[in-house]
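Student: After the sequence you'll find the predicted model.
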Amino acid sequence: MKRAVQINPKVENGWLFILVTQNEMGQPDSALASARQALASGADKDAIAQAMLSVMGSIVKEGQTKATRESWMRAYQFSSAVDSIIPTPNSKYFVGVSSFQVGLDALQKINTSKQCSDAQLAEDMWAAAQIAMPQGASVDKETAGKIMGAMQQYGVAIPQAKKALCKGKH
């Protein structure tokens, strides 16, 4: 199929077949590269966005299952990359959820790590979540509301942590 889309980039469902296959084979980075090629060749944006939703969903599900900073960071980075080429409410939602989770992990570890980098990461990730989540809230209003509420409630600790841990660091 890859050869078919090289010959005719608009072959019906060619790019979708490639994206679905790459996702099923556990190759999300290849799917992202193919999505970029598909969009550059004039493929249907809505169809590509729908296919990439499945790829993002797999990576976010991995974040939920592993529940580690690393797995959520991977979900954030991948969702952000997809959002940069084909922004949709779903990509914004995944960026918001994953950046919130990374920030929450960093915030929860500040008391034991005593690291300025954790305070900075929490601030950066929650800033990303605050930008993305309102645009992705239509995907799941209840979860979006809970995330925004949690950031408002617990976000006050971040400036305090930065003041205490990041002395002389800019």
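Tutor: Happy to help now that I have it.
Student: Do a quick rundown of the helices in this structure.
Tutor: 2-7, 14-24, 28-40, 45-66, 69-85, 89-113, 116-136, 141-154, 157-165 (DSSP state H).
Student: Need the winner for burial among those.
Tutor: Of the helices of the chain, the one with the most neighbours on average (mean count of other Cβ atoms under 10 Å) is helix 89-113, at a mean of 22. The C-beta positions use only the backbone N, C-alpha and C, and glycine is treated the same way.
Student: any idea how far that helix is from the chain center?
Tutor: Centroid displacement of helix 89-113 relative to its chain, using Cα atoms, centre = their mean, to the nearest Å, is 10 Å.
Student: quick one: it to helix 157-165, angle?
Tutor: 40 degrees (axes from the mean of the first three to the mean of the last three Cα atoms, to 10 degrees).
Student: tell me, which of the helices of the chain is the model least confident about?
Tutor: Note on those: helix 2-7 shows the lowest mean pLDDT, a mean of 52.
Student: Distance check, the closest residue to residue 138 other than its chain neighbours against residue 103.
Tutor: Excluding the flanking residues, the one nearest residue 138 by Cβ to Cβ, 6 or more residues apart in numbering is residue 89, at 5.0 Å. Separation of residue 89 from residue 103 (Cβ to Cβ, to the nearest Å): 21 Å.
Student: same check, this time on residue 134
Tutor: 16 Å.
Student: Residue 109: what's it in contact with?
Tutor: With contacts defined as Cβ atoms under 8 Å, 6 or more residues apart in numbering, the neighbours of residue 109 are 115, 118.
Student: which residues make contact with stretch 143-162 from outside it?
Tutor: 93, 96-97, 100, 103-104, 107, 110, 116, 118-120, 122-123, 126, 129-130, 133-134, 136-137.
Student: May I have the distance across that stretch, first residue to last?
Tutor: Stretch 143-162 has its terminal residues 28 Å apart, counting by Cα to Cα, to the nearest Å.
Student: same check, this time on stretch 20-32
Tutor: End-to-end for stretch 20-32, by Cα to Cα: 11 Å.
Student: got it, and stretch 38-49?
Tutor: 11 Å.
Student: chain center to stretch 49-62, what's the gap?
Tutor: For stretch 49-62, the distance to the chain centre is 10 Å (Cα atoms, centre = their mean).
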